Structures are given as C-alpha cells and as structure tokens.
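**Student:** no sequence for this one, just the structure:
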C-alpha cells in the first residue's frame, strides 16, 4: 500500500462534520473576542500599567488589530478563497454540473444553428 497516497486522500463524509465545525468556528468568534479583551486587560494590569497610559495601550492594541485585519484582507482571504474554490470544484460542487449542462446545451444549439444556416444558404456569415 502506498503510504503517500493513503495520507493525501480526502474523504467525502457528507455535510455533518463540516457543518458542525463551521458552527463551532462561528461561535468561537465571540468567545475569542471576549478572551482577547480579557487577555489585553490582564496584560495591561500585569505588565504595562506602571509605564504605559491605558489610552496609549488601547491605541497600540487597536493598531495591532487593524494591521492584523489588513494582513487577513490582503493576503489570507484571497489565498483562502482560492483553496476553498479548488476544494469545492474537486468535491462535487453542484454548479460545476450545472455549468457543464449549459455548455453541452450550447454545443447542441450551435450544431443545430449550423444546420439551419446551411439550409438557408447563409453558412459562414458572421
């Protein structure tokens, strides 16, 4: 058995695992925000309150959050969506099948149109 092939194979487990993970991740957004606020308050009280004003500390934390947001927006999100789209295409995206049906229909219509043009004696015109 080829171990590389076994480790790289992906499995179709339906939507339950992905749905549960998505819901947990969306819930963790709120928990993480609360945790960040509490962590920043603790960090200020333990490490910085003697030599740094609370307003300056909050400004620095705000700048850090904005820089992280910019990095996510400029670098991570485009890469993430490219990966997600590749996964969707690879694992049975319903739109892929719909688009193929449309393309097949266009091919059929194109062939019929060519026959009609031939019958009318206008083949080759554009």
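**Tutor:** All right, it came through fine. Remember, predicted model here, so these are calculated numbers, not experimental data.

**Student:** Nearest to the spatial middle of the chain, which residue is it?
**Tutor:** Of all residues in the chain, the one closest to the mean position by Cα atoms, centre = their mean is residue 81, 3.3 Å from it.

**Student:** measure that one to residue 59 for me?
**Tutor:** Distance, residue 81 to residue 59, using Cβ to Cβ, to the nearest Å: 32 Å. C-beta coordinates here come from the backbone N, C-alpha and C atoms, glycine included.

**Student:** Likewise for residue 50?
**Tutor:** Distance, residue 50 to residue 59, by Cβ to Cβ: 18 Å.

**Student:** okay, and for the chain, where does confidence drop off?
**Tutor:** Filtered on pLDDT under 70, the chain yields the residue ranges 1, 123-126.

**Student:** And the helices in it?
**Tutor:** Ranges of helices in the chain, per DSSP state H, are 3-8, 16-43, 54-71, 77-90, 94-120.

**Student:** just checking, what packs against the first one?
**Tutor:** Read that as helix 3-8. Here helix 3-8 touches no other helix or strand, going by 3 or more Cβ pairs under 8 Å, 6 or more residues apart in numbering; DSSP states H and E.

**Student:** now the fourth one
**Tutor:** Counting contacts by 3+ Cβ pairs under 8 Å, 6+ apart, helix 77-90 packs against no other helix or strand.

**Student:** Count the neighbours of the nearest residue in space to residue 91 that is not next to it in sequence for me.
**Tutor:** Among residues not flanking residue 91 along the chain, residue 12 sits closest, at 6.3 Å (Cβ to Cβ, 6 or more residues apart in numbering). Residue 12 has 7 neighbours, counted by other Cβ atoms under 10 Å.

**Student:** Same check on residue 117?
**Tutor:** 13.

**Student:** Which one's more surrounded, residue 50 and residue 59?
**Tutor:** Set residue 50 next to residue 59 and count neighbours by other Cβ under 10 Å: residue 59 wins out with 11 against 7.

**Student:** how close does that one get to residue 53?
**Tutor:** Distance, residue 59 to residue 53, by Cβ to Cβ: 9 Å.
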